[in-house]
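Chemist: Fold the following and give me the result.
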Amino acid sequence: RMERDGLSLVLFPEGTRSPDGRLKRFKKGAFALAIETQADLVPVGIDGGGALLPRGARRIRPLRGMTAADRDALVERTRDTVGQLLERLRGEPGGHDPRSTA
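Modeler: Residues are numbered from 1 along each chain as shown. Prediction:
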């Protein structure tokens, strides 16, 4: 289905971020899936991803209780958050601290 529908899948083989930013051991599941689907593998690194989480959070939490009716609002909320992160990283006016809950 991935090939037929032109889907992409992003996986983080470390499973979480390290508190000190050092690269952790990769888990094998993402690579087993890539081999099984014969998908292209594009390595990407994200430096400082831990700073994007709320203070004290160790993991990104899954969405709970959302339905298809929430899709458009989720798209907008996510786009706004990414825009704010880019503003902050680029030092643009209106930069927003992604660790705040607002």
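Chemist: Where does pLDDT dip in this structure?
Modeler: Applying pLDDT under 70 to the chain flags residues 50-61, 92-102.
Chemist: just the helices in it please.
Modeler: Per DSSP state H, the chain carries helices over the ranges 2-5, 29-37, 71-90.
Chemist: what sits up against stretch 65-72?
Modeler: Contact partners of stretch 65-72, identified using Cβ atoms under 8 Å, 6 or more residues apart in numbering, comprise Leu74. Any C-beta I mention is one placed from the backbone N, CA and C, and that applies to glycine too.
Chemist: right, and the helices of the chain - which one's nearest Leu63?
Modeler: Taking Cβ to Cβ, helix 71-90 is the member of those nearest to Leu63, at 7.5 Å.
Chemist: And the closest one, what's buried?
Modeler: By neighbour count on 16 or more other Cβ atoms under 10 Å, the buried set for helix 71-90 is 84-85, 88.
Chemist: same question, stretch 29-43
Modeler: For stretch 29-43, the buried set under the neighbour-count rule, 16+ other Cβ under 10 Å, comprises Ala30.
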